[in-house]
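**Q** For reference, the sequence and a predicted model appear below.
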Amino acid sequence: MKPILQSIEFVTRLIHHYFIWIILASYFVAAWLPGFGLWVREVELGSLVVLRNKIDLSLPPLLLSLLLFNAGLGVKPKELARVAHKPQILLSGLLGNLVTPLGFIIGASFVMALWHNPEEVQHILVGLALVASMPIAGASTAWAQNADGNLALSLGLVLFTTFLSPLLTPLVLHAVGFVTTGDYSEDLHEVASDGVVSFLGIWVIMPSLCGMLAHHLIGEERIAAVKPHIKLVNYGVLLLLNYSNASLSLPKAMSEPDLDFLGLLLVIVVALCIMAFATGYLIARLFHTNRQDMAALMFGLGMNNNGTGLVLVSVALADHPEVMLPIIFYNLVQHLMASLVDFTVFQKGTGLYKTA
């Protein structure tokens, strides 16, 4: 058993080290071999009734719920309780995570009004709305931990944005709905009013709570023993979700590349990502926090749960697959930006924020 566990740990560390390149490879495969990814999206697994609502079961939301269950499984109540000692930093992080991307999108909508193709502008705005409205990514805790950051604050940001998402996500979608036009505006308002709360409740909140309950029932020692297996499952699920969702939009983007649109999209996404990471840095400076809190804030505010956004688009906005492109781009850019921030700001002895 021990050699098997060591092998799993080795494979997990290897995947973690090269994960951004593996994600990039999954996008390449999705662009040129999308068949299996499309099949994954179309598999029907029946339905169930929750609070008198009929829920169709398909693989993407089930895979998403598995990720959130595993995230809840890894939450340590003792660590989370320590967040209460610095409520002003947590609340400022939550506010920054809401206001910064929303302000950026509204500002970008005025600048992009000059763009020659209004349809492309709508694709970008709706995609960015889904990025901005999603909770903070669980992956941010791994980046914060690698930078010796405050894991309790990092977990607090993830969990609070997750549990507040039924309130905050519709708010962001409605706000962006007022600066978009036509069918795109109607879709955003419709999703915000009808679909997103039940979606988040069933596929995000409930699995997270079930994972936390399972942690309490199973016990920390037993969970620690299977942690490498859980990480390996998470990587597999993340890759499958990224590949499957990208299979819907990337083949057309690659077969009929619109270089000026892709260039504009990249510039906008990189600018938003820089602003999100910078907000975390500014909040840390404003409160004169230590290096550990700064790491949690920067990685938390810079990284959103784009897997949830992609699944929501595939379920609620399937008639606009191009909307996935900004989310896919942001998912890639945020990991690259996290690598850059980790190297330039937090690496001991070499970063801008040197340790004693």
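**A** Cool, the structure landed.

**Q** For the rest of this, base every contact and every neighbour count on C-alpha atoms.
**A** OK.

**Q** Would you mind confirming that residue 249 is in contact with residue 318?
**A** No: taking contacts as C-alpha atoms under 8 Å, residue 249 lies outside contact range of residue 318: 10.2 Å.

**Q** more neighbours, those two?
**A** residue 249 (20 against 14; other C-alpha atoms under 10 Å).

**Q** what's the helix or strand for that one?
**A** Using DSSP states H and E, the element containing residue 249 is helix 227-255.

**Q** That helix packs against which elements?
**A** helix 2-17, helix 19-32, helix 35-42, helix 59-73, helix 306-316, helix 324-341 (3 or more C-alpha pairs under 8 Å, 6 or more residues apart in numbering; DSSP states H and E).

**Q** ok and the third one relative to helix 306-316, angle-wise?
**A** Read it as helix 35-42. Interaxial angle, helix 35-42 versus helix 306-316 (axes from the mean of the first three to the mean of the last three C-alpha atoms, to 10 degrees): 70 degrees.

**Q** which helices and strands does helix 35-42 pack with?
**A** So helix 35-42, by 3+ C-alpha pairs under 8 Å, 6+ apart, packs with helix 59-73, helix 227-255.

**Q** From the contact counts, what lies against the next helix or strand after the last one?
**A** Under the assignment DSSP H and E, the closest C-terminal helix or strand after helix 227-255 is helix 259-286. Helix 259-286 makes packing contacts with helix 87-111, helix 291-302, helix 324-341 when contacts are defined by 3+ C-alpha pairs under 8 Å, 6+ apart.

**Q** among those, which is nearest residue 229?
**A** Smallest distance to residue 229 across those (C-alpha to C-alpha): 22.8 Å, for helix 324-341.

**Q** Run the angle between the closest one and helix 259-286 for me.
**A** Put simply, helix 324-341 runs at 50 degrees to helix 259-286, going by the same axes, to 10 degrees.

**Q** Can you point out the buried residues in helix 324-341?
**A** Buried residues in helix 324-341, counted by 16 or more other C-alpha atoms under 10 Å: 324-335, 337-338, 341.

**Q** if we can go back for a sec, in the helix holding residue 249, which residues are buried?
**A** Counting neighbours by 16+ other C-alpha under 10 Å, helix 227-255 gives 227-228, 230-235, 237-251 as buried.
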